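S.K.: make a model of this:
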Amino acid sequence: MIRMHNIPEDIKAALKPYYKDGEKPDVFPSKFRINNELYYYFTFAPAAEQLIMKDDGTIPVHHEIRDVALICNSYNDSIETIASIGKKWVQSGKKENYQKLRNILRDAQKTLAPLPHEVEAAFQSYVRTADQIIDNQNAIQEAVDDAIIIWDRTNLQELATEQDQIDIRKCIVNMARASYRQNEIQLQTETDREKVWDFVSSKRWPFNMSGWSVYVKLKPYQKYMMKNTVLNRKEAEEVGRMVLSEDLPLEQHEIANDVWQHLRNPR
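M.R.: Modelled structure (predicted):
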């Protein structure tokens, strides 16, 4: 892994004119190989600016480095997205929660049988929803795992390529799409879920221990599922925008101009 303390002295000397007192330069932990050229990618906390330097210490001018900047920034953003969002989604416990929910629903179908036709259909829809959320949670886990493999390998080799950027960005797209599908299925099946909950709630007769048992087991899960509230629709829309933006070519991404404006490479 490349760090400031182990970069060559000539690179440190070439970097020195490009940061001010009070700024802390840092280097991306691997070089980038793009179009058969090797580049260092530097940041300057607390300033939100970057500098791209060739591995011979030369500083390309701004217009020569625009595409390289987008590739480096995309790769870095993908790593940050995995660290700040992907890992949180994986560690949310959602898979385990919905596996338990699925078991509760299947047991309830047996315990409360025979069910009215429309209630049976609603139960089946609810179980399918849990299945799909679990499947998409597995897809999120796979995407995060794949991204971490790329990140670990490039750190070890101290080299990231344009193909690595393409591959890790694909992981982000897959992760976001899976999360979007989780939100979408929840919003689409709210009516069926309410029908199941209303039926289960109606079975809390005095001395009907089976009905009460199902009610008590299912109740905590009412808070897990998304409902068609303004806040939940906004959350689903934000994930949807994440999918759309990550699918765009880098130069068409909404942050492309921002990336270019924050380059310290001379104009």
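S.K.: does residue 126 really touch residue 193, like I thought?
M.R.: Yes - with contact defined as C-beta atoms under 8 Å, residue 126 and residue 193 form a contacting pair (5.5 Å). All C-beta atoms are positioned from the backbone trio N, CA, C, and that covers glycine.
S.K.: more neighbours: which of these two?
M.R.: Taking other C-beta atoms under 10 Å, residue 126 and residue 193 do not tie; residue 126 has more neighbours (25 against 19).
S.K.: packing partners of the helix or strand harbouring the more buried one?
M.R.: If you go by DSSP states H and E, residue 126 is part of helix 117-157. For helix 117-157, the packing partners by 3 or more C-beta pairs under 8 Å, 6 or more residues apart in numbering; DSSP states H and E come out as helix 66-81, helix 87-90, helix 94-111, helix 162-188, helix 190-202.
S.K.: if we use 7 Å, what do you get?
M.R.: helix 87-90, helix 94-111, helix 162-188, helix 190-202 (3 or more C-beta pairs under 7 Å, 6 or more residues apart in numbering; DSSP states H and E).
S.K.: return the set of buried residues in the second one.
M.R.: Buried residues in helix 94-111, counting neighbours by 16 or more other C-beta atoms under 10 Å, are found at 94, 95, 97, 98, 101, 102, 104, 105, 108, 109.
S.K.: next: the longest one.
M.R.: Judged by neighbour count using 16+ other C-beta under 10 Å, the buried positions of helix 162-188 are 162, 164-165, 167-187.
S.K.: report the angle between it and helix 66-81.
M.R.: Orientation of helix 162-188 against helix 66-81 (axes from the mean of the first three to the mean of the last three C-alpha atoms, to 10 degrees) gives an angle of 50 degrees.
S.K.: which of the residues in the helix or strand encompassing residue 259 are buried?
M.R.: In the assignment (DSSP H and E), residue 259 maps to helix 256-261. Using 16+ other C-beta under 10 Å as the test for burial, helix 256-261 gives 256, 259, 260.
S.K.: just stretch 134-147 next, same as before
M.R.: Of all the residues in stretch 134-147, those buried under the rule 16+ other C-beta under 10 Å are 134, 136, 137, 139, 140, 141, 143, 144, 146, 147.
S.K.: who touches the fifth one in this structure?
M.R.: Right, the one you point to is residue 140. Contact analysis of residue 140 by C-beta atoms under 7 Å, 6 or more residues apart in numbering lists 89, 90, 175, 178, 179.
S.K.: SS state for residue 205?
M.R.: In three-state terms, and counting by DSSP: H, G, I helix; E, B strand; the rest coil, residue 205 is coil.
S.K.: who's the closest spatial neighbour of it, skipping the chain neighbours?
M.R.: Spatial nearest neighbour of residue 205, chain neighbours left out: residue 211 (6.0 Å); criterion: C-beta to C-beta, 6 or more residues apart in numbering.
S.K.: distance of that neighbour from residue 112?
M.R.: For residue 211, the distance to residue 112 equals 7 Å [C-beta to C-beta, to the nearest Å].
S.K.: overlap in contacts, the two.
M.R.: Contacts common to residue 211 and residue 112, judged by C-beta under 7 Å, 6+ apart, are residue 203.
S.K.: which of the three states applies to residue 53?
M.R.: Under three-state DSSP, the three-state class of residue 53 is strand.
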